[in-house]
Structures are given as structure tokens and as C-alpha cells.
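Q: Based on what follows, work out the 3D shape:
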Amino acid sequence: MQVTFDLPDDVVAQLHPLEDKLPQVLELGLRELNAIAQVGFSRVAEVLEFLASLPIVSTLLTPQKNCLKSYARYTEDIPVKKVKPQNR
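A: Reported below is the predicted structural model:
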């Protein structure tokens, strides 16, 4: 299928080096948009980018201020079910 787009010059400049990968770029962009729309997945790309950088173990085990802030923002999006304690 052939599709024509009118894009801003700055976007064209970013896409030009990826010309042979445009179908993949579009597919990944659509996945990201769909993930953003789903509750609890709004920051998945951020986490995946971090993991894709292959961090060393000490980075993963050492809490950092930015990581803690990101975690706090991430957990705000997760719905929490309140469960009543059962009497035994």
C-alpha cells in the first residue's frame, strides 16, 4: 500500500535517515500510542529504554532520586483495589 503524508520539515529531517525502516517506525509508534492509552502502561517505553541501555547491576540495585520520582509517577497510574479484611 502506498500512503502520502504532509509532514513538518523537522519531522522529515528526523525520518530521512530511517527511510528504509519507515514501516517499523510506524509500527513502533502505533504500539507506543496504544500502550499510552492503556491504564498502567503509560511509562512502559521509559522503562524499556532504560533496560535496553543494559544497565549494570549496581545501577539497578541503587535507588536514584530520578528513578524514585519516576517510580512514584508510574505507580500513580496503577489502579488499586481496596480489599476488606476478612474476619477469621
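
Q: This structure: helices as residue ranges?
A: 9-15, 22-37, 44-52, 57-61, 65-76 (DSSP state H).

Q: Residue 25 - how many residues pack around it?
A: 13 (other Cβ atoms under 10 Å). To be clear about C-beta, it is placed using only N, CA and C from the backbone, and glycine gets the same treatment.

Q: returning to that earlier point: residue 3 is nearest to which of the helices of the chain?
A: Closest of the helices of the chain to residue 3 is helix 22-37, at 9.2 Å (criterion: Cβ to Cβ).

Q: For that closest one, enumerate the helices and strands it packs against.
A: Applying 3 or more Cβ pairs under 8 Å, 6 or more residues apart in numbering; DSSP states H and E, we find helix 22-37 packed against helix 44-52.

Q: between the helix it packs on and helix 22-37, how many degrees?
A: Between helix 44-52 and helix 22-37, the angle comes out at 120 degrees (axes from the mean of the first three to the mean of the last three Cα atoms, to 10 degrees).

Q: Restrict helix 44-52 to CA atoms and write it as CSV.
A: What follows is helix 44-52, C-alpha atoms only, in CSV (Å, rounded to 0.1, in the frame of the first residue of the first chain):
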residue,chain,number,x,y,z
VAL,A,44,6.5,1.4,29.7
ALA,A,45,8.6,2.9,27.0
GLU,A,46,10.6,4.8,29.6
VAL,A,47,11.3,1.5,31.5
LEU,A,48,12.1,-0.4,28.2
GLU,A,49,14.5,2.3,27.1
PHE,A,50,16.3,2.1,30.4
LEU,A,51,16.6,-1.7,30.3
ALA,A,52,17.7,-1.5,26.6
